[in-house]
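1. with the sequence up front, the predicted model follows.
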Amino acid sequence: MIMMISAIGVVLAVFGVGLRLRAKKDRAARAAWLTTRGAVVSSRVTVEEVPGENGGSFDRFGANYSYAAAGTPHRGYIYSDKAKHHKTLLAKYPAGGAVDVFYDPAKPGHSEIRDPLVLAGGWIDGLYRFGFVLIPLGAIVALVGLVLPLVQ
């Protein structure tokens, strides 16, 4: 049982390192993405409801944009849940406004608007952060598994 705890910790840490390496590789690949001009189709702030007993609501800025890549039309979406940025974002991304869109030349339907105030909903940054949490968590679990027999 004790060795199993250590093994779980090692697996968590190794998985965390793998996530960080994958995210780093994907971030480097995004640096080579091409850019094109697109247009904001719509932008607005909506009230999102959180279901459940402890639910509530929060405001979310969202904007849909369109662009053409390799002669094919595409659409993308950006959002922000930080209410302090919503007024700025509405002014920055009005419907019909021009926007620089970065897209993956291998998969032109994958795109992003590189603005620190918005999130593209991408999983790459999530993986990077999750890996950052798993590495120390796995190390702690592994150490607990190694120290537990010494304490008993």
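-> Received, thanks.
2. could you use CA atoms for every contact and neighbour count after this?
-> Will do.
3. contacting residues for residue 40?
-> 63-66, 93-99 (C-alpha atoms under 8 Å, 6 or more residues apart in numbering).
4. state the phi and psi torsions of it.
-> phi -70, psi 120 (degrees, to the nearest 10).
5. do the one 3 residues further on as well
-> When read as degrees, to the nearest 10, the backbone of residue 43 gives phi -150, psi 140.
6. quick one: residues contacting it.
-> 61-64, 90, 93-95.
7. need the helix or strand of the chain with the lowest average pLDDT.
-> helix 124-151 (a mean of 70; mean pLDDT, DSSP states H and E).
8. please enumerate the strands of this protein.
-> 34-49, 57-69, 72-80, 98-103, 111-112 (DSSP state E).
9. and the closest residue in space to residue 6 that isn't next to it in sequence, how many neighbours?
-> With sequence-adjacent residues excluded and distances taken as C-alpha to C-alpha, 6 or more residues apart in numbering, residue 6 is closest to residue 142, at 3.9 Å. Neighbours of residue 142 under the rule other C-alpha atoms under 10 Å: 23.
10. thought residue 142 was touching residue 134?
-> No: here residue 142 lies out of contact with residue 134, judged by C-alpha atoms under 8 Å, at a distance of 11.8 Å.
11. any shared contact partners between those two?
-> Common neighbours of residue 142 and residue 134 (C-alpha under 8 Å, 6+ apart) do not exist.
12. quick check: end-to-end length of stretch 64-79?
-> End-to-end distance for stretch 64-79: 9 Å, by C-alpha to C-alpha, to the nearest Å.
13. in that stretch, what counts as buried?
-> 64-69, 75-79 (16 or more other C-alpha atoms under 10 Å).
14. mind pulling the model confidence for residue 1?
-> Here, the pLDDT recorded for residue 1 equals 65.
15. same check on residue 68?
-> Reported pLDDT for residue 68: 97.
16. one step back: what about the residue nearest to residue 6, distance to residue 17?
-> Taken as C-alpha to C-alpha, the span from residue 142 to residue 17 is 15 Å.
17. fine, thanks again, bye for now.
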